[in-house]
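Student: I'll drop the sequence and a predicted model, then ask my questions.
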Amino acid sequence: MNGAENLIPKSKHDLRAVKNLQDVDPASVMTILDQLLDWTADGNWPVAKPMADFLVLLGEPIVPSLKKILNGDDATQKYFCLDLIVRQLPADLLQDLSPNLERLVENPNPEEVAEGIPELIGEMTSGRM
């Protein structure tokens, strides 16, 4: 296991792991970015919000991983990705996600509708895009 893998939370209560992330060079977490994003998949987990706040600070490098989530099959993870991370992104990064967001609003699947994703995006992007 390399050093970066030691920064991945071990449980949904592992707030120490998120605190440890604050002390590392952001470039060192790029290899574990998807695993870190997994800890934001359920906003009810104690680790989710602080992890999301950390990931937002990484800026542009997280956009490809966010696109993967928004194009994926897990509607609940999409919801929390939008609510915890995308909501906090600056307008230029939000613009990078525009095609993904437009698809979720204009052509959502039944699971995305059930999660309230189109409404969430409407609320988040009103006046921002």
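Tutor: Here it is on my side, so go on.
Student: switch to C-alpha atoms for all contacts and neighbour counts from now on
Tutor: OK.
Student: how much space between the most centrally placed residue in the chain and Asp25?
Tutor: The centroid of the chain falls nearest to Cys81 when counting by CA atoms, centre = their mean (3.7 Å). According to CA to CA, to the nearest Å, Cys81 stands 23 Å off from Asp25.
Student: which stretches of the chain form helices?
Tutor: 15-21, 33-38, 48-57, 63-70, 75-80, 91-96, 98-106, 110-115, 117-125 (DSSP state H).
Student: list the helices and strands the fifth one packs on?
Tutor: Secondary structure elements in contact with helix 75-80, counted by 3 or more CA pairs under 8 Å, 6 or more residues apart in numbering; DSSP states H and E, are helix 63-70, helix 110-115, helix 117-125.
Student: distance between the shortest one and the chain's centre?
Tutor: Its chain's C-alpha centre and that of helix 110-115 lie 18 Å apart, by CA atoms, centre = their mean, to the nearest Å.
Student: and if you look at stretch 101-117?
Tutor: 17 Å.
Student: could I get that stretch in PDB with only the CA atoms?
Tutor: The C-alpha coordinates for stretch 101-117 follow below in PDB (Å, rounded to 0.1, in the frame of the first residue of the first chain):
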ATOM      1  CA  LEU A 101     -26.000  18.900 -15.900                       C
ATOM      2  CA  GLU A 102     -28.100  19.600 -18.900                       C
ATOM      3  CA  ARG A 103     -28.600  15.900 -19.600                       C
ATOM      4  CA  LEU A 104     -29.700  15.300 -16.000                       C
ATOM      5  CA  VAL A 105     -32.300  18.100 -16.300                       C
ATOM      6  CA  GLU A 106     -33.500  17.500 -19.800                       C
ATOM      7  CA  ASN A 107     -33.400  13.700 -20.100                       C
ATOM      8  CA  PRO A 108     -33.300  12.200 -16.600                       C
ATOM      9  CA  ASN A 109     -33.800   8.500 -16.100                       C
ATOM     10  CA  PRO A 110     -36.500   7.400 -13.600                       C
ATOM     11  CA  GLU A 111     -34.000   6.900 -10.800                       C
ATOM     12  CA  GLU A 112     -32.700  10.400 -11.200                       C
ATOM     13  CA  VAL A 113     -36.200  11.800 -11.200                       C
ATOM     14  CA  ALA A 114     -37.000   9.800  -8.000                       C
ATOM     15  CA  GLU A 115     -33.900  11.300  -6.300                       C
ATOM     16  CA  GLY A 116     -35.000  14.800  -7.200                       C
ATOM     17  CA  ILE A 117     -31.900  15.500  -9.300                       C
END
